[in-house]
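Q: the sequence and its predicted three-dimensional model are supplied below.
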Amino acid sequence: MFLQGGGYAEYALATDRQCLKLPATTSTEEGALVEPLAVALHGVSLCGLKAGDRVLVMGAGPIGLAVAFWAQRQGAARIAVSDLNPFQSKLALQVGATAFVQSTSDVVATVNSALGGPPDVVFDCVGKPGVLAEALEHVKPRGNIVILGLCTALDSFVPFRAVQKEVKFITSAYFNLAEYRTALDVLDGGNSAAKLLITGTVPLTRLPAAFEELRQRTFQCKVMVRPD
């Protein structure tokens, strides 16, 4: 497997088997959400989420919020989204979460209170050192930790803590075509709560400022770019 780039390129190559026709009832903005929704769906599908499960999503970016969206659709009883900042608290509840938790020194107790117990599944949608160690403290014994965040730095945790709980780590990369099609279907017609992930549209001239706003962790979630 290799990473095929092409973001912001004027042209990109794709084979016909990689392409799905965008329905006339789906806008191009909604079509741009298919990829992050499919990435999140792949992670949710891999973990064996069951109806009635308690779920913790660490990270309130587009992927984390999309995970909350799918977890709710697949029957999770309670879904808490946690983040260092409260910017996406309202949006998290709109797309499917039952609680938003701002990370604090007593975050484990806060999450357990919000979920009614330790989570069955924890999704790492942050991808920074230290998050897996925190996820281990959250997850219930014999629970699952799904790694969706792309951490490219060295990280560490105490292996005995994972052994002690008999925790299962699940890594998730990209998506398959069926999941991509499912994400497209759920957006068709524009009635899905997932479209709320779009929080702004900018022209190319505003792109540097938009990146800076995202870096500063503002209210923005998924920003669309209109070249014209």
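A: Good, I have the coordinates. Bear in mind that the values here come from a model prediction, so they are computed numbers and not experimental data. Numbers count the residues shown, from 1 in each chain.

Q: for this structure, what spans make up the strands?
A: For the chain, applying DSSP state E gives strands covering 54-58, 78-83, 99-102, 121-124, 144-147, 168-171, 198-203, 222-226.

Q: can you check which of those strands gets nearest to Phe211?
A: Comparing those against Phe211 with Cβ to Cβ, the closest turns out to be strand 222-226 (8.7 Å). Where C-beta positions appear, they are placed from N, C-alpha and C, glycine not excepted.

Q: picking that back up, adding distance to Glu30, mean pLDDT and mean neighbour count, write the strands of the chain out as CSV.
A: Below are the strands of the chain laid out as CSV (distance: least, Cβ to Cβ, whole Å; pLDDT from 0 to 100; neighbours: other Cβ atoms under 10 Å):
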stretch, distance to Glu30, mean pLDDT, mean neighbour count
strand 54-58, 22, 97, 30
strand 78-83, 22, 96, 26
strand 99-102, 24, 94, 19
strand 121-124, 23, 98, 29
strand 144-147, 25, 97, 23
strand 168-171, 29, 96, 14
strand 198-203, 8, 89, 15
strand 222-226, 10, 87, 16
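
Q: adding distance to Ser89, write those out as CSV.
A: Below are the strands of the chain laid out as CSV (distance: least, Cβ to Cβ, whole Å):
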stretch, distance to Ser89
strand 54-58, 13
strand 78-83, 8
strand 99-102, 4
strand 121-124, 17
strand 144-147, 22
strand 168-171, 27
strand 198-203, 14
strand 222-226, 16
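
Q: closest to Glu137 out of those strands?
A: Here strand 121-124 is closest among those (Cβ to Cβ), at 9.5 Å.

Q: can you map out the helices along this structure?
A: Remark: helices assigned in the chain by DSSP state H are 28-31, 34-46, 62-73, 89-95, 107-115, 131-138, 159-165, 177-187, 207-215.

Q: helices and strands around the first one, which ones?
A: In terms of contact count using 3 or more Cβ pairs under 8 Å, 6 or more residues apart in numbering; DSSP states H and E, helix 28-31 is assigned the packing partners helix 177-187, strand 198-203.

Q: can you say which of the helices of the chain is packed in most?
A: Among those, helix 62-73 has the highest mean neighbour count (mean count of other Cβ atoms under 10 Å), at a mean of 26.

Q: who touches that one?
A: Contacts with helix 62-73, where a contact means Cβ atoms under 8 Å, 6 or more residues apart in numbering, come from 36-37, 39-41, 43-44, 49, 53, 55, 57-58, 79, 81, 83, 88, 91-92, 95-97, 121, 123, 125-126, 148-149, 186, 193-194, 197, 221-222.
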